[in-house]
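Q: 3D model of this:
(4 chains)
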Protein chains: 2
Amino acid sequence: MKAQPETKEEPRVPLSRERVLHAAVALADEAGIESLTMRRLADKLVSEAMSLYYHVENKEALLDGVADLILGEIIHVTSKVEGPADQWKTTLRSKVLAAREILLRHPWAPQLIQSRTNMSPSSMRYFDSLIGLLLDAGFSIDLTHHAMHALGSRALGFTQEMYDDSTAPDEETIAMLLEQVADEYPHIATMVKGITHDAETTLGWCDDQIEFEFGLDLILDGLERRREKKRSPGR
Amino acid sequence: MKAQPETKEEPRVPLSRERVLHAAVALADEAGIESLTMRRLADKLVSEAMSLYYHVENKEALLDGVADLILGEIIHVTSKVEGPADQWKTTLRSKVLAAREILLRHPWAPQLIQSRTNMSPSSMRYFDSLIGLLLDAGFSIDLTHHAMHALGSRALGFTQEMYDDSTAPDEETIAMLLEQVADEYPHIATMVKGITHDAETTLGWCDDQIEFEFGLDLILDGLERRREKKRSPGR
DNA sequence: ACCTGAACACCGTTCAAGT
DNA sequence: ACCTGAACACCGTTCAAGT
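A: Here you go, the predicted model:
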């Protein structure tokens, strides 16, 4: 009886870099990245701001660690997506869409990842796997290099949307507002009025997933064509 | 003589929203966006932090204004780029590259523009003009809509580069570092070693301009093909 | 109408001190 | 080895007061 810890108080898990980083992700998920301050993170861990500095060099290092944690998730999930070398396109597509699913759960992550100079081990491993995929599929080294740049952040499953419709008003309100300024932005007005609405995606007039896949396929198709252009002369 | 202002002291131009915003851009250009604080901006204007609040609601509004100022520059320059409707591709290309030139002079601007919910008049006008360009060229409304999403921030002349090579070490150092971890990232190592170096762009192994244009052309080509696919059946 | 100073709440971080 | 409290420099912003 005596040996058992007192049931009244929490076991008081000691801090660790792991715990700090995971708590940071949780805090950002719950309250947004702007709420991630050293003091509030410490509160969440029932500790003091200064205690964090024992496990993390400073706030920049904390953010680096958080970004790497997310990238670690991505590489973990995407590494399971495999396929034969001649089907590079569907394999790459699936990997990217798998990455996207993770980032959709952490809406603050894209901006954070962009802002870091991303030479972290996790992102290196991820890009290494994508490069290997293309080289194995017979891409030239130069084209592979171009492909990585052309994909850019899309390779990680996100494009920074120009208009963030998560905070946007509903479709009807937009249509109404737009009516008022239709003479100033005639083409936008035409476009919004004329867009085909799928019955299924009636949520908003921009289905992010569809637009993401459209853009991704545009690039993948273009890469495929450029790959074949180089090969066909010898044919 | 008496009527003239004393030559000794500055004319003491009064503050204005215009002056505040332009000073903010200048400060960000000189010292980086993280140096743009109300207090330092006031210093630059030989004034007090609180005085700024008379011309700008708060810091968020200041940043909105700054973003809009840059977008204003872009629309000003790109509106001069014109061409016949059947040459939508080269016209659009030129507009985008013109926008890019402006953003290259304000390296902090892409991130700022991304972070704002971009319904500002300037950005609306810009996108309106691009949409008009495509509609005039015979794009369907749906394809025009997809096109705007696919271009995304590229329409404004930037893609958030995954690896910021402005802070990266020189090519030789990278090659050396990479040698040490070649077994961990074999494909990256292969790629970096094998990339063709143009004699002219020997500055670094990634020429941002070339990569930007490659990605842009990939998308423009893809859009062109999808446009023709829709038309050819009736042909 | 336009500007300012003192004051407040909240940052990240240093440093010396506790166990 | 790990954690903490007081203190510092620096934020954005409110508010009452100056011209």
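Q: which parts of chain A sit against DNA strand D?
A: A:14-15, A:47-48, A:50-51, A:53-55 (C-beta under 7 Å from any atom of the strand). Glycine gets a C-beta too; all of them are placed from N, C-alpha and C.
Q: tell me the one of those nearest residue B:111?
A: residue A:53 (27.2 Å; C-beta to C-beta).
Q: ok, back up a step: can you select the buried ones from the residues of chain A next to DNA strand D in PyMOL?
A: The following PyMOL line selects those of the residues of chain A next to DNA strand D that are buried, judged by 16 or more other C-beta atoms under 10 Å in any protein chain shown:
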select buried, chain A and resi 15+47+55
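Q: return the distance of stretch A:188-195 from the chain's centre.
A: Computed by C-alpha atoms, centre = their mean, to the nearest Å, the separation of stretch A:188-195 from the middle of its chain amounts to 29 Å.
Q: mind listing what's buried along it?
A: A:188-192.
Q: give the rounded mean pLDDT of that stretch.
A: Across stretch A:188-195, pLDDT averages out at 90.
Q: near chain B, anything from it?
A: Yes: contact of stretch A:188-195 with chain B (C-beta under 8 Å from any C-beta of the partner chain) involves A:188, A:190-191, A:194-195.
Q: including pLDDT, distance to residue B:106 and secondary structure, could the residues of chain A next to DNA strand D go into a markdown table?
A: Output for these, formatted as a markdown table (pLDDT from 0 to 100; distance: C-beta to C-beta, whole Å; DSSP: H, G, I helix; E, B strand; the rest coil):
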| residue | pLDDT | distance to residue B:106 | secondary structure |
| --- | --- | --- | --- |
| A:14 | 88 | 46 | coil |
| A:15 | 94 | 41 | coil |
| A:47 | 96 | 41 | coil |
| A:48 | 97 | 40 | coil |
| A:50 | 98 | 38 | helix |
| A:51 | 98 | 40 | helix |
| A:53 | 98 | 35 | coil |
| A:54 | 97 | 39 | coil |
| A:55 | 98 | 37 | coil |
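Q: and the gap between residue A:93 and residue A:139?
A: Computed as C-beta to C-beta, to the nearest Å, the residue A:93 to residue A:139 distance reads 15 Å.
Q: compare the two (neighbour count), which wins?
A: Neighbour totals were compared for residue A:93 and residue A:139, and residue A:139 leads with 22 against 17 (other C-beta atoms under 10 Å in any protein chain shown).
Q: please name the nearest non-neighbouring residue to that one.
A: Nearest non-adjacent residue to residue A:139, counting by C-beta to C-beta, 6 or more residues apart in numbering or on different chains: residue A:227, 5.8 Å away.
Q: that older thread, so which of the residues of chain A next to DNA strand D also contact DNA strand C?
A: Restricting the residues of chain A next to DNA strand D to those within reach of DNA strand C (C-beta under 7 Å from any atom of the strand) leaves A:50, A:53.
Q: which among the residues of chain A next to DNA strand D gets closest to DNA strand C?
A: residue A:50 (4.8 Å; C-beta to the nearest atom of the strand).
Q: who's in contact with that closest one?
A: By C-beta atoms under 8 Å, 6 or more residues apart in numbering or on different chains, residue A:50 lies in contact with residue A:42.
Q: that older thread, looking at the residues of stretch A:188-195 next to chain B, which are in helices?
A: Residues of the residues of stretch A:188-195 next to chain B located in helices (DSSP state H): A:188, A:190-191, A:194.
Q: what helix or strand does the one residue sitting closest to the centre of chain A sit in?
A: Closest residue to the average C-alpha location of chain A: residue A:103 at 3.7 Å, with C-alpha atoms, centre = their mean. Using DSSP states H and E, residue A:103 sits within helix A:88-104.
Q: report whether the next helix or strand after that helix contacts chain B.
A: Sequence-wise, the next helix or strand downstream of helix A:88-104 (DSSP H and E) is helix A:109-115. Yes: using C-beta under 8 Å from any C-beta, helix A:109-115 reaches chain B at A:111, A:114-115.
Q: lowest average confidence, helix or strand, in chain A?
A: Within chain A, confidence by mean pLDDT, DSSP states H and E is lowest for helix A:171-180 among all helices and strands, at a mean of 79.
Q: close to chain B, is the helix holding residue A:103?
A: No: using C-beta under 8 Å from any C-beta, helix A:88-104 stays clear of chain B, coming no nearer than 12.7 Å.
Q: what residues sit buried inside that helix?
A: A:88-89, A:91-100, A:102-103.
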